[in-house]
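[1] Give me a 3D structure for the following:
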Amino acid sequence: MPVSRRALVAALVVPSLALGQAPTITVRAGTVLDGRGAVAHHTTIVIAGSRIVRVDPTVTTATYDLHTLTVMPGGVDTHVHLTSHFDADGRAHNDPGGAEPLEETVLYAEENAYRALMAGITTVQSIGSNLDRELRDAIARGTIPGPRVITSLDWITPADGDADALRRAVRQRVAARANVIKILGSKSIREGGGPNLTEEQLAAACGEAKALGRRCVVHAHAAEAARRAVLGGATSIEHGVLLDSATLDLITDHGVFFDPNLYLVFQNYFDNKPRFLGIENYTEEGFAQMHRAVPLVLEVFKQALRRPKLRIVFGTDAVAGAFGRNWEELIYRVQVGGQAPMAAVVSATSLSARSLALGDSIGAIAPGLEADLIGVDGNPAEDITALRRVVFVMKGGTVVKNVAPQPR
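    Purely as a prediction, here's the structure:
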């Protein structure tokens, strides 16, 4: 009995699907920045499912023709606060609680996540709120758009108690499925930034985190706070407004990542001062302390750049009002801080991925890695302000933004 054409097609296609072979997507790029410092021109990125298969200049057919654009890995912002937002009254709302229903807070957090994704940030580390977990999981299911979320859940603070109590707090976060442990190792810069945990306490918390397979990032402004954190086993030092040369050397020598936040967080506070003023430590003196901090952390950053082995990552400390403008931090680092554009791109992609222990899955354009790609109108390695013109965003092989470049 003759076989029909339909039956023959079914016989050929179904086994292929049964083997789980993903359809191939090709992205043709004018320029490729691979996120590790290499550049290629007029080549094609071949993608199957969520992952990159190869980069091949001989492939000329394209699912997405970006031959006029620069394609690079999506940004990895290592320090954001997704639940921080302006509420219905226009005031800053930094933590779950108060009169606002939690379901509203989660929706505001999703808005922040969406803004970051549309700007080309495909992974964020949110530190931290317990509500981050539900948002992280929903995004991972693919039901709502957003960057990949790594979260510490709630912070660990001096209020958690002595060394044994801090260990218990770490175990509680891990049991609640935190990806990373965030520790408040110093006061806020609005309160002077001094240390508030002993080296013994930090060693207890960071040691417990590492024993349970978690990284430990420590908020530390003062040099002494950062010194204690490094010796206590921190994976990353956050902020560091008041660091000195000796502490930068210590961070470098111990291979600890450094996440300075130079510009966006402060400028966002200044731009939105009426919305923050009067909440918690957002006082006139607190704002004065932040104004004093701006030139101090800029000098720390310039000193950090003089240490080629110091691993400086890309974190914005984005809060209410800052999401979607994440790249302004990197632009400031280059234009004012003096970082080389290509080094800044590497910092915001593969190096930041490594700091999250995700260097083997995101942060670069290479075979086997997740297809997190952005198309930029211009070349950020030559003109860092091109990052303001992200017109194409792919996360895990799925295109979430594809618009025409605006006339320049």
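[2] Can you tell me the element N281 falls in?
    For N281, there is no helix or strand it lies in under DSSP states H and E.
[3] Would you map the helices across the stretch 201-350 of the chain?
    223-232, 245-253, 264-271, 273-276, 284-305, 327-335, 341-346 (DSSP state H, counting those that start in this stretch).
[4] Could you say which helix or strand holds the residue nearest to the spatial centre of the chain?
    Computing the C-alpha centroid of the chain and ranking residues by Cα atoms, centre = their mean puts D77 first, at 1.7 Å. For D77, the element it lies in under DSSP H and E is strand 75-80.
[5] How far off centre is that strand?
    Strand 75-80 has its C-alpha centroid displaced from the chain centroid by 1 Å (Cα atoms, centre = their mean, to the nearest Å).
[6] Following the chain past it, name the next helix or strand.
    Using DSSP H and E, the first helix or strand after strand 75-80 is strand 85-86.
[7] Kindly point out the strands partnered with that next one and how each is oriented relative to it.
    strand 92-93 (antiparallel) (DSSP bridges).
[8] what's the burial count for G49?
    Using other Cβ atoms under 10 Å, G49 has 16 other residues around it. Using the backbone N, CA and C atoms, a C-beta is placed for each residue, glycine as well.
[9] Surely it and E370 touch.
    No. With contacts counted by Cβ atoms under 8 Å, G49 stays clear of E370, the gap being 9.8 Å.
[10] Residues in contact with both of these two, list them for me.
    Here G49 and E370 have G397 as joint contacts, going by Cβ atoms under 8 Å, 6 or more residues apart in numbering.
[11] returning to what we had before: can I assume the residue nearest to the centre of the chain is in contact with T122?
    No. The criterion here is Cβ under 8 Å, and D77 misses it with T122 at 9.4 Å.
[12] can you list residues touching both of these two?
    P147.
[13] What does the pLDDT read for D89?
    We have a pLDDT of 89 for D89.
[14] Revised request: answer the last question for E100.
    85.
[15] Repeat that for the one 3 residues further on.
    In the predicted model, E103 carries a pLDDT score of 86.
[16] Where does pLDDT dip in this structure?
    Within the chain, the stretches with pLDDT under 70 are 1-21, 95-98.
[17] Break this protein into its domains for me.
    5-73+364-402, 75-355 (automatic domain parsing).
[18] of all those, which lies closest to R408?
    When the domains of the chain are compared by Cβ to Cβ, domain 5-73+364-402 sits nearest R408, at 7.5 Å.
[19] ranges for the strands of the stretch 51-200 of the chain?
    51-56, 64-73, 75-80, 85-86, 92-93, 121-126, 148-151, 180-184 (DSSP state E, counting those that start in this stretch).
[20] Make a markdown table out of those and add distance to R167.
    Below are the strands of the stretch 51-200 of the chain laid out as a markdown table (distance: least, Cβ to Cβ, whole Å):
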| stretch | distance to R167 |
| --- | --- |
| strand 51-56 | 38 |
| strand 64-73 | 36 |
| strand 75-80 | 24 |
| strand 85-86 | 33 |
| strand 92-93 | 32 |
| strand 121-126 | 23 |
| strand 148-151 | 20 |
| strand 180-184 | 11 |
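[21] Relative to A40, which of these is closest?
    Relative to A40, the nearest member of the strands of the stretch 51-200 of the chain by Cβ to Cβ is strand 51-56, separated by 6.6 Å.
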